[in-house]
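Participant: Model the following, please.
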Amino acid sequence: MANPTKLYDEAFVTGCDSAHEWMLSWFLKNFKKHCTKPLIFADFGLSDVGRAIVRENVHAIMDLTEVEERGWFKKPLSMLKCPSKKTVWIDTDCEVKDNIDGIFDLLEPNKLAMVEDKPWSWRRGHLWHNSGVVGFIDKPIILRQWVGATKQWQNKEEFKYIGDQEVLDKLLSPITKISYIRDLPNEWNVLRLQLKDGYSGKTRIMHWTGEKGKDQIRSML
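Facilitator: Reported below is the predicted structural model:
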């Protein structure tokens, strides 16, 4: 494993805790099959077994086991702390199906590059973006605001059963979304529910969301 204090020009980052580490070998196999860029890992609280798997497969590990944020509220903090100039977060329930190194060429300064969450846009009646894949250059102000909001709001009752994506949506208005979000083509984060709606476009990253998505991942192990 490389020196965790090294600054990378471009890097992917992911992370999880012991409850979700069962997906790690599957995720890492798919990632390494298609990607050449460095991978940084945020340890949210892995078991010794999970930590050993990660140590053998990533370039650096960030220890987020003792931070104030809990669960998936650690995700924006992981992005902020990642030692890279160009950074792309990718959830561990994402199946990398094609080379995704080119995503770094799509990033814009001062913006979070994300794919529209079409199922949630339809359900909620306004534009949503999915936080399973998030890219950015340096550490934009909206990322810092997102980190601050997760820390401030994670104990509120309305956020008890939701996560980082809902915090970001609440933080942004339709106008500020234009300013702070760079829309990525759908192929960079195709959501499981889109398959039910007949999605047939290119898929670089398949995002197996929800419990039904996790069942699909289990069938691939």
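
Participant: which residues of this structure fall in strands?
Facilitator: Under the criterion DSSP state E, the chain contains strands at 8-17, 39-45, 60-63, 84-90, 94-96, 112-116, 129-137, 181-183, 190-191, 205-207.

Participant: Same list (these) but as TSV, adding mean neighbour count.
Facilitator: Every C-beta, even on glycine, is put in place using the N, C-alpha and C of the backbone. Output for the strands of the chain, formatted as TSV (neighbours: other CB atoms under 10 Å):
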stretch	mean neighbour count
strand 8-17	22
strand 39-45	24
strand 60-63	18
strand 84-90	22
strand 94-96	22
strand 112-116	22
strand 129-137	24
strand 181-183	17
strand 190-191	25
strand 205-207	23
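
Participant: Including mean pLDDT and distance to R123, could the ones you listed go into a markdown table?
Facilitator: Output for these, formatted as a markdown table (pLDDT from 0 to 100; distance: least, CB to CB, whole Å):
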| stretch | mean pLDDT | distance to R123 |
| --- | --- | --- |
| strand 8-17 | 97 | 26 |
| strand 39-45 | 97 | 28 |
| strand 60-63 | 96 | 33 |
| strand 84-90 | 98 | 23 |
| strand 94-96 | 98 | 21 |
| strand 112-116 | 98 | 13 |
| strand 129-137 | 97 | 13 |
| strand 181-183 | 98 | 19 |
| strand 190-191 | 98 | 12 |
| strand 205-207 | 98 | 16 |
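
Participant: Is it possible to get TSV of the ones you listed that adds distance to R218?
Facilitator: TSV is the format used below for the strands of the chain (distance: least, CB to CB, whole Å):
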stretch	distance to R218
strand 8-17	16
strand 39-45	21
strand 60-63	26
strand 84-90	20
strand 94-96	13
strand 112-116	24
strand 129-137	18
strand 181-183	32
strand 190-191	18
strand 205-207	15
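
Participant: and of those strands, who's closest to F73?
Facilitator: Closest approach to F73 among the strands of the chain is made by strand 39-45 (9.9 Å; CB to CB).

Participant: Show me what the longest helix seen in the chain is packed against.
Facilitator: Counting residues, the longest helix found in the chain (DSSP state H) is helix 141-153. Helices and strands touching helix 141-153, by 3 or more CB pairs under 8 Å, 6 or more residues apart in numbering; DSSP states H and E, are helix 75-81, strand 112-116, helix 164-171.

Participant: which one of the strands of the chain lies closest to L106?
Facilitator: Using CB to CB, these put strand 112-116 closest to L106, at 5.9 Å.

Participant: ok now that closest one, how far from the chain's centre?
Facilitator: Here strand 112-116 is found 11 Å from its chain centre; the criterion is CA atoms, centre = their mean, to the nearest Å.

Participant: Least confident of the helices and strands packed on helix 141-153, on average?
Facilitator: Across the helices and strands packed on helix 141-153, helix 164-171 has the smallest mean pLDDT, namely a mean of 93.
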